[in-house]
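Got a predicted model here, sequence first, then my questions.
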Amino acid sequence: MRALIWHVDSFVCRITEKGRSPVVEPMGERETRVGDALLVLASVEKSDEHAPQTIAQRAATMLAEHARRLKVNTIVLHSFAHLFAELAKPETAIDVLKETETHLSAQGFAVIRSPFGWFNELEIKAKGHPLSRLARTISAED
């Protein structure tokens, strides 16, 4: 999994239309709006398919540590395949994101996961401190 992680003052996601994926999750609300949060733009990759549970656990551990360091309780998991070429199957990507959500929720975080398979409009107001933007690769190997 690859992730761009931003500490944001605010994040708004408005679903605009179905994406190109053959798998589309049901849409709840058309708009998601949060204040102070950790925004995770995540791409599950083909190499993650052999150990999806390990990827989810490692992603949750890393995100929880970073959120605690920043004293942030809300984490937004947003599927973001646009920057990376070797994508996992949509079903695997959804499973990894759901499992990551479950691990984070079990640790007491308020987790919002945007639905997979939709185009959307994003509004991001990011903080500007040294730990406000990170890029991470999570793999099953040590």
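Cool, the structure landed.

what does the average pLDDT come to for the lengthiest strand in the chain?
Taking DSSP state E as the assignment, the strand of the chain that covers the most residues is strand 2-18. For strand 2-18, mean pLDDT is 97.

Tell me the gap between that strand and the middle of its chain.
9 Å (CA atoms, centre = their mean, to the nearest Å).

Just to be sure, Val96 is in a strand?
No: Val96 is assigned helix when assessed by DSSP: H, G, I helix; E, B strand; the rest coil, not a strand.

Tally up the residues packed near it, please.
Counted by other CB atoms under 10 Å, the residues lying close to Val96 total 27. Every residue, glycine included, has its C-beta placed from N, CA and C.

so it makes contact with Ala3?
No: using CB atoms under 8 Å, Val96 makes no contact with Ala3, being 11.2 Å away.

who touches both of these two?
Contact criterion CB atoms under 8 Å, 6 or more residues apart in numbering; residues shared by Val96 and Ala3: Ala59.

Please spell out which residues along the longest strand of the chain are buried.
Neighbour counts using 16 or more other CB atoms under 10 Å place 2-8, 11, 13, 15 of strand 2-18 among the buried residues.

ok, Leu77 touching Arg113?
Yes: look at Leu77 against Arg113 with CB under 8 Å: they come within range, at 4.4 Å.

rewinding a little: can you list the strands that the longest strand of the chain pairs with?
strand 31-34 (antiparallel), strand 37-43 (antiparallel), strand 118-126 (antiparallel), strand 133-137 (antiparallel) (DSSP bridges).
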